[in-house]
Every structure is written in structure tokens, then in C-alpha cells.
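[1] Sharing a model that was predicted from the sequence below.
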Amino acid sequence: MADFGSVRREQRELDAVVVKTVVQQKKRILGKYEDRCYLFGALSDNEFSILRDPFAIDCDDTGALNKWKAGERFQSRWNAD
């Protein structure tokens, strides 16, 4: 997992999670492997049984991740950045 924390939404605290996934692709014609890294995230709204504001981005797109965290007022419980 890449990060776990919480956000405030409609006077409620929701859990937020960001998961890192690395997919290895086999490029047979080129004779090599290529790793692709993705970050997936969402807010878990257990009271209404729904995942809110999901996203999927390349791991290198730190700007998009930081924008999502700032927009959600994300407070990490794992990472101290």
C-alpha cells in the first residue's frame, strides 16, 4: 500500500487509501520486459456503502496525486509528507 489516511467530508471522517501496483509486461517482439507502475485511490464511505472520488494515475505523476490529496484535504496516518 502506498498511503492510508483520512479526509473530512460533510462533517464526517472518511478513510482514504492509495495503493501502488506494478505490472510487468512481457514484450516478446522486443525481447524485454517493461514494468508499469500505477497508483489507485479512493475514499471509503462505509455509512453509505460507496467508494468516493476514485482515481488511477501513473506512479510518476506526483502532481496529480498531490492535487488529489490537497483537494480532499488528505491527512496521512502512515507517511509524514
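    Nice, I can see it.
[2] what about the strands in this protein?
    3-9, 12-27, 32-45, 50-58, 75-76 (DSSP state E).
[3] Partner strands of the second one, with direction?
    The reference is to strand 12-27. strand 3-9 (antiparallel), strand 32-45 (antiparallel) (DSSP bridges).
[4] Can you give me the buried ones in that strand?
    Buried residues in strand 12-27, counted by 16 or more other Cβ atoms under 10 Å: 14, 16-18. Just so you know, the C-beta spots here come from the backbone N, C-alpha and C atoms, and that holds for glycine as well.
[5] Residue 21 bridge partners, please.
    residue 38.
[6] Contacts only, for it.
    With contact set as Cβ atoms under 8 Å, 6 or more residues apart in numbering, residue 21 has these partners: 37-40.
[7] Write a PyMOL command that selects only the buried members of those.
    The PyMOL command for the buried members of the contacts of residue 21 (criterion: 16+ other Cβ under 10 Å) is given here:
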select buried, resi 39
